[in-house]
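I would like the atomic coordinates for the input below:
(one chain, ligands or ions: 2)
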Amino acid sequence: MTDDGPVWHPQAMPGYDLHTHSTYSDGTETVEANVARALELGLAGLGVTDHDTTEGLAPASAAAEGTGLEIVPGIEFSAEFDGASLHVLAYWIDPANPELRAELKRLTDTRFRRGEMMIEKLQELGYDISFERVRAIAGDDLIARPHIAQAMVEAGIVQQEKEAFDRFISDDGVAYVPKHALAPQDALELITGAGGVCVLAHPGMWKGNGSVPDELIESMAAGGMVGLEVDHPDHDAEQRAYYGALADRLGLVRTGASDCHGARYDFRLGCETTDAERFAELKRRAGR
Ligand SMILES: [Zn+2]
Ligand SMILES: [Zn+2]
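Ligands and ions are numbered 1, 2, ... in the order given. Predicted structure coming up:
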């Protein structure tokens, strides 16, 4: 809060929406629009938690400056456990932390540049495969292995596409670049190492309608995770009661948030919040 901002009365605050997305990831609204909406709603604070990027943090802070709205800097990581993706929220991480920067680069590279990286490997191995040709074959799609295989046949490097896979780009091929995903414990370590605190996002959304296994939540709590996102629009009353009790048992801070993506899922910013007392506890655990 700034000295010259409006005077807010804690009791009157409808709380902190700790999980929102903007155009920096898959939200439809800019961070500035999210800040404006939070102000309109009279929220006390807004978590800026785009997927795998911290780019929205500075513009969000700039947009909120002098308004009394507290921007809670965050990020939402996709991790993988038992072959399924799982989301981990981080708050108050240092965006300049070198390990964090390296990991974010690895995550975006392998999501958007994995095909390109395989072509680079082939070129390094001395094969004359044209990047432009593969791009043309892929058209509007991200470059994937079948496109590369087709280009390798055209270039006469292999006789058939199957041979391209067998010798080069199958999972144990010499030019293969694996997909990259963080294990939940690694995400937790990365977050803690970057000075932040970790909260497990929507535990009731795993493998479709499943639930993140309690054992994993327990082991992450033991490893230093501080919160559990209990109040989420996609959790029903039964799940809230269950995760609320689990959070209490494990000493985790119960958080609430809209997970707003703008027009995708109904402009729901502020529909769920974390109250001032729980927010203060989260912040205390972050050493802020
Ligand atoms: Zn998520
Ligand atoms: Zn999200």
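
does stretch 83-98 come close to ligand 2?
No: counting by Cβ under 5 Å from the ion, no contacts exist between stretch 83-98 and ligand 2, the nearest distance being 6.2 Å. Using the backbone N, CA and C atoms, a C-beta is placed for each residue, glycine as well.

now residue 173, nearest residue through space, not along the chain?
residue 167 (6.5 Å; Cβ to Cβ, 6 or more residues apart in numbering).

Surely that neighbour is in contact with residue 158?
Yes: Residue 167 is within contact range of residue 158, at 6.8 Å (criterion: Cβ atoms under 8 Å).

Would you map the strands across this structure?
Listed in chain order, the strands of the chain (DSSP state E) span 16-17, 45-48, 70-81, 84-91, 197-200, 227-231, 253-256.

mind giving me the domain split of this protein?
Annotated domains of the chain cover 10-93+196-285, 111-169 [automatic domain parsing].

avg pLDDT for the longest one?
So that's domain 10-93+196-285. Averaging pLDDT along domain 10-93+196-285 yields 94.

Residue numbers of the protein in contact with ligand 2?
76, 259.

residue closest to the middle of the chain?
residue 76 (2.5 Å; Cα atoms, centre = their mean).

can you pull up the bridge partners for that one?
residue 51, residue 89 (DSSP bridges).

quick one: contacts for it?
Neighbouring residues of residue 76 by Cβ atoms under 8 Å, 6 or more residues apart in numbering: 19, 21, 25, 49-52, 87-90, 201.

try it again with 7 Å
Counting by Cβ atoms under 7 Å, 6 or more residues apart in numbering, residue 76 makes contact with 49-51, 87, 89, 201.

Most neighbours among those, which one?
When neighbours are counted by other Cβ atoms under 10 Å, residue 49 leads the contacts of residue 76 with 31 neighbours.

For it, what are phi and psi?
The phi/psi pair for residue 49 (degrees, to the nearest 10) reads phi -130, psi 60.

Tally up the residues packed near the nearest residue to it once chain neighbours are set aside, please.
Spatial nearest neighbour of residue 49, excluding adjacent residues (Cβ to Cβ, 6+ apart): residue 74 at 3.9 Å. Using other Cβ under 10 Å, residue 74 has 26 neighbouring residues.

Residue 74 touches residue 95, doesn't it?
No: counting by Cβ atoms under 7 Å, residue 74 does not reach residue 95; the two are 10.4 Å apart.

about what we covered before: who has more neighbours, residue 167 and residue 158?
Using other Cβ under 10 Å as the criterion, residue 167 and residue 158 rank with residue 158 on top: 18 against 14.

closest point of the stretch 101-250 of the chain to ligand 2, which residue?
Nearest residue of the stretch 101-250 of the chain to ligand 2 (Cβ to the ion) works out as residue 201 at 6.1 Å.

and that residue, how far is that from residue 261?
13 Å (Cβ to Cβ, to the nearest Å).

Quick check: mean pLDDT of stretch 132-142?
Rounded mean pLDDT across stretch 132-142 is 89.

Give me the buried positions along it.
Going by neighbour count (16 or more other Cβ atoms under 10 Å), the buried part of stretch 132-142 is 133-134, 137-138.

Can I get stretch 125-137 as PDB, trimmed to CA atoms?
The C-alpha coordinates for stretch 125-137 follow below in PDB (Å, rounded to 0.1, in the frame of the first residue of the first chain):
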ATOM      1  CA  LEU A 125      25.100 -34.100 -36.600                       C
ATOM      2  CA  GLY A 126      26.000 -32.900 -40.100                       C
ATOM      3  CA  TYR A 127      22.700 -33.500 -41.900                       C
ATOM      4  CA  ASP A 128      21.500 -31.000 -44.500                       C
ATOM      5  CA  ILE A 129      18.000 -30.500 -43.400                       C
ATOM      6  CA  SER A 130      16.300 -27.200 -44.100                       C
ATOM      7  CA  PHE A 131      14.600 -25.400 -41.300                       C
ATOM      8  CA  GLU A 132      12.400 -23.400 -43.800                       C
ATOM      9  CA  ARG A 133      11.300 -26.600 -45.500                       C
ATOM     10  CA  VAL A 134      10.100 -28.200 -42.200                       C
ATOM     11  CA  ARG A 135       8.400 -25.000 -41.200                       C
ATOM     12  CA  ALA A 136       6.500 -25.100 -44.600                       C
ATOM     13  CA  ILE A 137       5.500 -28.700 -44.100                       C
END
